[in-house]
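Colleague: Here is my input, please return the structure:
(chains A, B, C, D and E)
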Amino acid sequence: MPPLLFYLLAAITLGFGLMVVTARNPVSSALALASCFVGLAALFVSLDAYFIGTIQILVYAGAVMVLFLFIIMLLDIKAEEGKQPNLAAIVSGIVVAVLLVTQIMTVVSHTKLAEKSLQNTPLALVEAASKAEGAAKLPTIANDLKAGTLPDAKLIGFTLFNQYGFHIQVVGLLLLVGTVGVVVLSKREKTSGGAA
Amino acid sequence: MSVLEIVILLPILAALAVLFGAPARAASVGATLANLVIVLALSWQYAAKGSTGLAFTQAREVLANPAISFSVGADGVSLILALLTAIVMFAAVWQIQDRPAIFYVASLLIGGGALGAFLTTDVFFIYAFHELALIPTFLMIALHGHAEPIERKKVAWKATVYLGVGSLVLLAGLVWLVVEFSGGRDLTFDLEALRAQAKLTPLPVEKQGVIFFVLLLGFGTLVSLFPFHSWAAPAYATAPTPVAMLHAGVLKKFGLYGLLRIALPLLPQGANVPWVQNALLLMLLGNILVMGLVTIRASRLDDTLANSSVMHMGYIFLALAAGSEIALKGAVLLMFAHGVSIALLFALSGKMRNQLGTLEYSKLGGLASHAPAFTVLFAFGAFASIGLPGLSNFAGEAMVFAGSFTTFSGTLTNLHWTVILALWGVVMSAVYMLRAYRHIFHGSATTGLFMSDPALPQRLPLILMAATLLLTGCCPWLLLNLLKGALAAS
Amino acid sequence: MITLGHYLVVSGMLFALGLAGVIARRNILIIYMCLEMMLSAANLALVGFSRFHLVNGLPDYTAQSLVFFTITVAAAEVAVGLAIIVALFRTKQSVETEAITKLQG
Amino acid sequence: MSVFTLEASLALLGLVLLLLEAFKPEISRRTLGYTAMAGTALALVLLPLCGTQLPEFMQPWHQIDTLALFYKGFALVITLLVLWLTLECAPYLTRFTLDGKLAEMFSLPLIVCAGMMWMASARDLVTIFITLELVTISFYVLVAFARKSALSLEAGVKYLILGALSTGVLVYGIAWIYGATGSMNFDAIGKALANPATSKSAALFGAAMLLVGLGFKVAAAPFHMWVPDVYQGAPTPVTTFLSVGSKAAGFVVLTRALDAFAAPGSIIGSEVQSLLLVGGSLTVLLGSLPAIFQTSVKRLLAYSSISHAGYLLLALACGSGGRFDIGSNGIVAFYLATYLPMTVLGFLALGLMRVNGQGEDLGDFQGLAKRSPLLALVITIAFASLAGLPLTAGFIGKMFVFLSLVDHGYWGALTCAVIAAAAGFYYYFRIILAMYTTEGSEKPALTLTPLTKAIACGLALVILALGVYPRPLQKVLTPPAAAVVVK
Amino acid sequence: MPPADAQSPGQFLPTILLLLPFFSALIILLGHRALKNASVLISVGSSVICFLASLALLATKGAEGTVSILPFIDVPGFQAGIDAMIDDQSRGMMFIVTFIGMLVHIFSLGYMKDDEAKPRFFGSLSLFMFSMTGIVLAGNLVMMFIYWELVGLSSYLLIGHWYQKASAAEACKKAFLTNRIGDFGFMIGILILFGLNKGDLNIDNLRDAFVTGGPLAEVLKNNPGIITVAALCLFMGAVGKSAQFPLHVWLPDAMEGPTPVSALIHAATMVAAGVYMLVRVSFVIVTPLAAETIAGIGCFTALLAALMATQQGDIKRILAYSTLSQLGYMVMAVGAVSMAAIDGHAAHGAHPGHPAMFHLYTHAFFKAMLFLGSGAVIYACHHEQDIWKMGGLRKHMPITFWTFAIGTAALMGVPPLSGFWSKEAVLGAAFDSGCRVLFIAGAATAALTAFYMTRLLVVAFFGKARTESAHHAVEVPLVMALPLALLAIFSIFSAWGPFSDFLQAMKPEHVEGHDTVLWTSVAVLLIGSISSFLLYKGKDADPIRIKLFANKFYFDEIYAVIVRECQDRLAWFVTGIERIFVDGLVARLPAAIVARIGSATRMLQGGHLQGYTFLLGGGIIAVVYLVVFVLPRTH
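Modeller: Numbering: from 1, shown residues only, chains lettered A, B, ... in the order given. Next up is the predicted model:
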């Protein structure tokens, strides 16, 4: 991947991210967040994580952000106009963020691993197929690999259902709990009548 | 089941029984009387057999590593203190009059805690039983103390925070001790095992000094060692009579007992490290001289008694600083004597407060004419507490002083100077006690306050204590016989 | 040349940005969005690490599985969170942090 | 039957209860509550009978060792008690819930319980993340459950925002740990950390972030600030659950993580230990000192909970090098076991006060000894135990911590612990004193059902029994000698 | 300890002597309300039996040794049992104590007839008898100290017998406390000996340790300073008990007690115990400084007290100051003898006789008699004690007068009465010491003694009655007169050869060449008595007024100021320090700090979500900084 593209995507992600934080209007924030997520999805894709990139857009930019927007509209939340921004909070937020970034950059600079690049650590698809271990044993995946394409979704699926079957069920339970919670918390009382 | 377990559990079970509705007076008096008889019999048996080490032992495992077991056992020192507890507890319970059942419960719990602390041989339980007595003491002072509610709560808090912090420091010290003395093996809280280890591989002297100092601060706070004493006087002055009797008379001895039984055998050099000894000498002089002067200033009987009780602890600490066998045996005697005498005095002052409503010297006088028996009993307590020969305290004090001079060979060291200053404390204690006696009993009763002798049954526990003072004062060897093998220099 | 370090720095910056937003903003909804941003930043780091931690020449899909779970969990969290925020708005008519300072001390 | 089945059945029972409530609204909450309790109790009975064999596919992320079994039992017990507490508090709680219903208060704890039980067995970061989130999200709902109460809602929002923030930090930490060690599995992480070639700063950064995330869950300073607000605002049974269950769950995870991070030979071991030591010291202090002036007993219990978390952290900080067979993990487990009955009793008192129409302030406790002598007695025992008075369970736990600290020569931390314990004397005794004062005894007496009395007495007896004879529990928690050798 | 050979005095008599009064005291003090007058009987009976026992003891003349009676303290390194050291010294003293004690008991039957608290009085007397017996018999210093304190107690009880009177209550307190101050020194002295002699306080053994090269002889050679200190500390005990300057102030006040008590305790026996003890341990006084100090203090006290006595009006006070003065004499004798012994002039120690003990012995009889006589006068004059309100009693109370006159003569040292011999012995010792000042001061004191005693006799008994009560005075009943007569006989004869031999009076063997002493003493006697007789004859008021003497050199006032300014101020100051600084630093300051921190940490919990998130963020930064950037460097 050309560096320029990376920088562009990074700029999109971080720029919209900044907009989320700074926008006075929640709607702008929500939209900026969606855009940020799109940039992020592109970064995922640049890391050969197509499936993740896809669901990032589907779930986050699609579903979650719509939910946010919906709620903002529903509650009719206005921009924080007329209100003095909390200067102390803003300053402390900036300070914390700057310090954290400095720390992370220092850590990154101390980490050998971080010097790996897409060029010097290419995927070895064909070899993986020939080793025929784990997921690569499956014929469909092996075939894809031999063809030199990365069967991303298949591999994730294999991992998930081979290794994390239990976890998926737990996550299912979790989603159910979430649903129940939403019902419990936002349902209007019968006595007061009307729908939420 | 060892008979000592019965001794320990009897008051606690009686307290529970009272709590759940048993007739308070009958149960309490019965239990304490039975205890007194048992402890007397045990002491008799122990002395008659000429036993030296631990007797009546029994152990039940509670934890494995760290090894903790509910192990009971008594040697002379513990028997003397158990005897003290049994006597004072009986007297305290008996003299409760027209009071709610909680008075009995508290007395029994404090007494039971003290008995437990004196008769168990596991550091854990020695510590634990002492703490058991904390809550009843605290509640009784705060709820039934002789002061305005706000004032007495303040006093209770002060005492509790002091005692709490003190016992935490103590816990830290004990834990340190346990860790140091368990060698490379499993930790154990068993005192005998720790002692064996201490004999086998003593710690470096300087380290002994440090640990000893920590223990001294912890135990010392419980015994109102100067300058950690300021909880004691107000607490005793405010506490309800049975609590004051039991705490000042018995429970306070726990700290000294601990130093005697735990700190000294395990850290034989600890008290001899120069800086520790000098610090201890300074602190105990604070007890004797500063508190002596403070006591002289007292203008109420309860203040005098409370402060004097703080002061007298100095002599026992002196014995610890000296560390010789004579001094330590004297300290044990003195603990017993002080316990009985101060309990007697608190009991009497409680009666005075009940009848007269005040203990201010300026409002009292001439009571000897109205209440001769009362006066005689008070004289027993007062003169015992100033160390008059023939009453209990003297032999102890004499042995402490003598024991501190065993090392004398022509030059006066810090220890000896301290003894001399401490002797001046004996003069001061005569000053305040006689002042009190003069104000209360001598002179003429012109102030209109009238007090009569308590009825004979009410006098019984007081007479018991006075007789104890006289008997052990004239025959200190009765107690010393119990100490034959104890506290010998190792 | 773009290295893992670049990705990690971007992820870190996004994370810090989210944190700054959480601290600085007082609109609970926006705070919540910032939180989602932080989760995504963590995902970016995970994906980055997984890409460069090759197992048999392939990215490590256990890490990507975690990302998958994170996204799912985040969705559930958003649902519950928004429900709570809505409930809050109903009682307080506000989604500002100033509305919730009664518990203190 | 394997333990796993038991947990799944428990979650299933939760679902069934939800469905029942949805489709058969006429079923009384008593029936629901008792069903849930019966299920939990049954599980508790069956737990020791279950086999501990695991199918091979589960072994990379699941383990059933002594500790796991203990925490599973622990989760069941606290769930049972919380369910019962919910029933006790129902008359008061229903005033603030949707249509006066409580069904979810019976089913969600079952799911949380299953989550905690799974968490106890987790041996990789993914499992931990999933189960932790299952528990946390359920708690979001439970905390805000009394939604007609502004305080409950406020607590819910605070918990939500801060919890989500900590989740973000946790995931970020997991990412870095994974990046540094190349694995999610604790065994593999431990192995990688024993390898000097592993990038130390990345591992440290990851561990730091992970510990911050977990520290938040267990209320370690300076990530404890949510605790008082949330505990105070949440419905009392939920607070109990948070204070005991969630905290225990957090400590299970912490224990597992530290087994990997701070194993002997780990390149980041000493740093992690030091962090725990500093954090633990700070936590005991920040938990104890502000509590001195608390007049809200519920808030005070929250601070107390922070302080106790500090002691637990200090125990963990002593690591595996200690001298006790029980090990620092065992000490933590032991401490939590002693912490359970006393905390539950404390909250039970608060719940009963509320149900009887009285408040949760210190003033409301005045004269309680007159109004309900039995309750006052058991609370006295509970608070004495919280304060760490000997012959109660609380003391044994504290003693273990002190012993470990001295054994390792951590004097600074010991000093902090002593100061905190001293402050503890003050604020616990304040409540005890209030109960026995005569003022306030004219208020109406509290009515306690026989079951309440029985359970309260039972818990008090447990406190005393553990304080006087802790050996059986110690035996249970001491890992078999072979396991020590493997370490 | 000498071997208990055939000469051993036996255990029976000492046991009787000790335990009989003890149980008598115990029974009476504890049960006097039930016993009523039976207690008087018990007490008098026990005193009579004791007297008989002491006579029997005298019969064992020559037997020496220490018998142990009961254990007291017995631990390794410290043995002190209840024992009895029997030798000439103790036998003689025992006789004095029991004899005068018995007489005082009998006298009190009359004197205290109408007192309500008679049983208590007799109980205290028995207690005193017990403790005094103990002092006399004590074979080791611990026991000595024990009885020492107990006589203090009985003195306290007896002085305070009329405790309703504020002056009596104050006086008994003062007596006890002043004695305590002396005991402070006594105890230090004992402790020093205890340490130096490796824990052995047996008097015999101590003497051996000095004389026959024991550990103490070693110390004396290397470190004589500490022996001086020990001797002076022991002496301090005597200063308290024998009312020497500067602790003499309690004795005149002690006259608040019933007069028989004054006779027994504050004239004849207890106050002499200090001297007795000094003689017992005189082997410790082996350094010049110690001996000189003792002699000096004794001499100074003698002179000072005599000067005070010249201006007193209260009959008992005159006698009290006289007692002080005579005690000073005895103490001076102890010092003087030791000085002489150190210089090598004379034999050392108590064997075979000691002037101080001899004077003690004679003094006991005549001073007891004088006090009883004054008691008779007071009794007869309806408790009037001022001699200027008496007069002419010679005619109304002949027996009293004659006995009193004999006593006065003995005290003044009129030859050949007993007092003459003993006073001469004392002056002789002073002369022998080689210190002129001692001798001159001693002689001056003798002159003053003659002066004030003549004054007393003249003013009280001669002339005419000055008040109604003196006018109506009648002779006392037989039960009171009998003791007077008996004592008068002893006052005359007790110093005479065979009599004093039988009583083992510690009469020193006369050293030749004391003509100076002899003539001096006769001369001062004449000067003193004649000048006084001339001055006071027929006067109704004191013709000379010396305020300084009358006000006892203002000692009481000075001490009051010292107590007030030093002790009370110090106590006030220390109490303030204790309350403010100790309590403040140890308790209040930490509490305040903790409270401040507590409320400060509560501020962290402000309830603002943003604050919390900031803390969380800050916490993250801090943790990362600590873990990633700080700790790896330190490890």
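Colleague: going forward, measure contacts and count neighbours with C-alpha atoms only.
Modeller: OK.
Colleague: which residue sits closest to C:P59 in space, ignoring its chain neighbours?
Modeller: C:R51 (4.7 Å; Cα to Cα, 6 or more residues apart in numbering or on different chains).
Colleague: how near is that neighbour to A:P139?
Modeller: Distance, C:R51 to A:P139, by Cα to Cα, to the nearest Å: 23 Å.
Colleague: How about D:L93?
Modeller: 58 Å.
Colleague: follow-up on the earlier one: how about the contacts made by the residue nearest to C:P59?
Modeller: When contacts are counted by Cα atoms under 8 Å, 6 or more residues apart in numbering or on different chains, C:R51 is found next to A:L47, A:D48, A:A49, C:L58, C:P59, C:D60.
Colleague: same thing but 10 Å
Modeller: C:R51 makes contact with A:44, A:46-49, A:117-118, A:121-123, C:4, C:45, C:57-61, C:63-64, according to Cα atoms under 10 Å, 6 or more residues apart in numbering or on different chains.
Colleague: Next step: those residues restricted to helices.
Modeller: When helices are assigned by DSSP state H, the members of the contacts of C:R51 inside them are A:F44, A:S46, C:L4, C:A45, C:Y61, C:A63, C:Q64.
Colleague: could you list every residue that touches the first one?
Modeller: Each residue near A:F44 by Cα under 10 Å, 6+ apart is listed here: A:38, A:50-54, A:56, C:7, C:43-45, C:47-48, C:51.
Colleague: So it versus B:V243, what's the distance?
Modeller: 75 Å.
Colleague: And the residue nearest the centre of chain B?
Modeller: B:K253 (2.8 Å; Cα atoms, centre = their mean).
Colleague: And that one, how close does it get to B:V310?
Modeller: 11 Å.
Colleague: what does E:S433 give?
Modeller: Using Cα to Cα, E:S433 is found at 50 Å from B:V310.
Colleague: Check D:L477 too.
Modeller: 46 Å.
Colleague: Neighbour count for the two, which is higher?
Modeller: Using other Cα atoms under 10 Å in any protein chain shown as the criterion, D:L477 and B:V310 rank with B:V310 on top: 27 against 22.
Colleague: where does that one land on pLDDT?
Modeller: What the model reports as pLDDT for B:V310 is 90.
Colleague: In which helix or strand does it reside?
Modeller: helix B:301-322 (DSSP states H and E).
Colleague: does that helix come close to chain E?
Modeller: No - using Cα under 10 Å from any Cα of the partner chain, helix B:301-322 stays clear of chain E, coming no nearer than 11.1 Å.
Colleague: Tell me the first helix or strand C-terminal of that helix.
Modeller: Using DSSP H and E, the helix or strand that follows helix B:301-322 in sequence is helix B:325-356.
Colleague: What is the distance between the following helix or strand past that following helix and the centre of its chain?
Modeller: As assigned by DSSP H and E, the chain's next helix or strand after helix B:325-356 is helix B:367-370. Here helix B:367-370 is found 31 Å from its chain centre; the criterion is Cα atoms, centre = their mean, to the nearest Å.
Colleague: mind listing what's buried in helix B:367-370?
Modeller: B:L367, B:A368, B:S369 (16 or more other Cα atoms under 10 Å in any protein chain shown).
Colleague: which neighbours do B:K253 and B:V310 share?
Modeller: B:V223.
Colleague: Just the closest residue of chain E to chain C, please.
Modeller: Nearest residue of chain E to chain C: E:G607, at 4.2 Å (Cα to the nearest Cα).
Colleague: how about the nearest residue to that residue once chain neighbours are set aside, secondary structure?
Modeller: Leaving aside its chain neighbours, E:G607 sits nearest to C:Q104 (4.2 Å; criterion: Cα to Cα, 6+ apart). Classification of C:Q104 by DSSP: H, G, I helix; E, B strand; the rest coil places it in coil.
Colleague: Tell me who's in contact with D:F129.
Modeller: A:167, C:66, C:69-70, C:73, D:119, D:122, D:135, D:167, D:170-171, D:174, D:253.
Colleague: Just confirm it is within a helix.
Modeller: Yes - the assignment for D:F129 is a helix, going by three-state DSSP.
Colleague: any idea how far it lies from E:Y111?
Modeller: On the measure of Cα to Cα, D:F129 and E:Y111 end up 104 Å apart.
Colleague: Could you do D:Q53 as well?
Modeller: 106 Å.
Colleague: So which of those two has more stuff around it?
Modeller: The neighbour comparison of D:Q53 against E:Y111 (other Cα under 10 Å) goes to E:Y111, with 23 against 13.
Colleague: just checking, the more buried one touches E:T259?
Modeller: Yes - look at E:Y111 against E:T259 with Cα atoms under 10 Å: they come within range, at 8.4 Å.
Colleague: so what's in contact with those two at the same time?
Modeller: By Cα under 10 Å, 6+ apart, E:Y111 and E:T259 have these common neighbours: E:V104, E:L372, E:G375, E:A376, E:I378, E:Y379.
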